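# Structure of the sequence below:
(one chain, ligands or ions: 1)
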Amino acid sequence: MNSKIITNKPLDINKQAVEASFSKAAAHYDQFAQLQRDIGQKLLEGLSAVKPTNVLDLGCGTGYFSEKLADYYPHSELTCFDLSSAMLDQVKKKQLVQVSCLQGDIDKLPFQKNFFDLIFSNLVVQWSADLGRCLKQLKESLTTGGQLHITTLLDGSLNELTQAWQSVDRHPHTNSFLSLAFIKELVTPLGFQSLKITTETRTLEYKNVIEVMRALKGIGANHVHGHQRLKLHGRELLKQLEQGYLPFVNTRGLLNLTYQVCYIEAVK
Ligand SMILES: C[S@@+](CC[C@H](N)C(=O)[O-])C[C@H]1O[C@@H](n2cnc3c(N)ncnc32)[C@H](O)[C@@H]1O
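Okay, here's the model as predicted:
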């Protein structure tokens, strides 16, 4: 099991390395991002018929959902914000109207208070070093009545891979994720007018461990905090990892990889 983060102390995250991983993946991200699509689509369907003036796509990636937001709200100004310059280049290629791209860090939000009527963020805030602070600042940047629609990952995500690696060595090969209880502790005191937090489990299947690792690398989510990335080389290592994964091979002979997803929908 991943060790749970149960402290308010900010994490030490190498943002340059995170940026590099996502930027490396930017050009082919969309080919690997089916899970992100499905989760983001569900988040999108929860948006109510509001007429926002200013909309933020926080951690917009290649802009798949930015494009949908721009379609939904043609009269709004949309800000696409991401740490990765190469991801933002993909957004720019879409030539969306009334859209501005801004490179930055969710832990150093540059936005003025009471500005956005809608903040959308799909599978990004799990990369925050200080989620409590990030959520507080997002709330501040919302107008009164403004809506926050966020998804993130919870502990238990990538558990099969974490456990398989634990049978190989003692290094961390996956990141830890916050628990639902901890996230509730962070969000509830912010005093939103309304707050809905829901969860779901999604399990993906892969043919072998190389495919599992490729899938994470394909979306750029392969930076492990505080740990030098190891290449999956050496037949012996691969064999050990496959052995470690055996308890998570399903009846169809495929390797399960589970994501615990958290949806946060709040109104200021
Ligand atoms: C899994 S992708 C999701 C992209 C997009 N929201 C989607 O649904 O396709 C995570 C995105 O978060 C961005 N990201 C990671 N850490 C970030 C940070 N500290 N500040 C801003 N963006 C960050 C990455 O560059 C990447 O584009």
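
# and residue 253, which of the three is it?
The three-state label given to residue 253 by DSSP: H, G, I helix; E, B strand; the rest coil is coil.

# confidence score at it?
We have a pLDDT of 97 for residue 253.

# distance of it from the ligand?
Distance check for residue 253 against the ligand: by C-beta to the nearest ligand atom, to the nearest Å, it reads 28 Å. Where C-beta positions appear, they are placed from N, C-alpha and C, glycine not excepted.

# do residue 214 as well
15 Å.

# same deal with residue 194?
Taking C-beta to the nearest ligand atom, one finds residue 194 at 23 Å from the ligand.

# give the contact list for that residue.
Shown in contact with residue 194 (C-beta atoms under 8 Å, 6 or more residues apart in numbering): 266-267.

# bridging residues for it?
Per DSSP bridges, residues listed as beta-bridge partners of residue 194: residue 267.

# So residue 151: helix, strand or coil?
Secondary structure state of residue 151, per three-state DSSP, is strand.

# Thought residue 259 was touching it, still the case?
No: in this structure residue 151 lies outside contact range of residue 259 using C-beta atoms under 8 Å: 10.2 Å.

# neighbour count winner among the two?
The neighbour comparison of residue 151 against residue 259 (other C-beta atoms under 10 Å) goes to residue 151, with 24 against 20.

# in the chain, which spans are helices?
15-25, 29-32, 34-45, 64-72, 85-93, 131-141, 159-166, 180-187, 209-218, 235-245 (DSSP state H).

# And the ones you listed: which comes nearest residue 120?
Closest to residue 120 of these is helix 64-72 (C-beta to C-beta; 6.0 Å).

# Counting neighbours, what do you get for the closest residue to residue 261 other than its chain neighbours?
Sequence neighbours aside, residue 200 is the residue nearest to residue 261 in space, at 5.2 Å (criterion: C-beta to C-beta, 6 or more residues apart in numbering). Residue 200: 12 surrounding residues under other C-beta under 10 Å.

# so residue 200 touches residue 157, yeah?
No: applying C-beta under 8 Å, one finds residue 200 not in contact with residue 157, separated by 11.6 Å.

# Span of stretch 66-80 from start to end?
End-to-end distance for stretch 66-80, by C-alpha to C-alpha, to the nearest Å: 7 Å.

# Let me know whether stretch 102-113 sits next to the ligand.
Yes: counting by C-beta under 6 Å from any ligand atom, the ligand has neighbours in stretch 102-113: 105-107.
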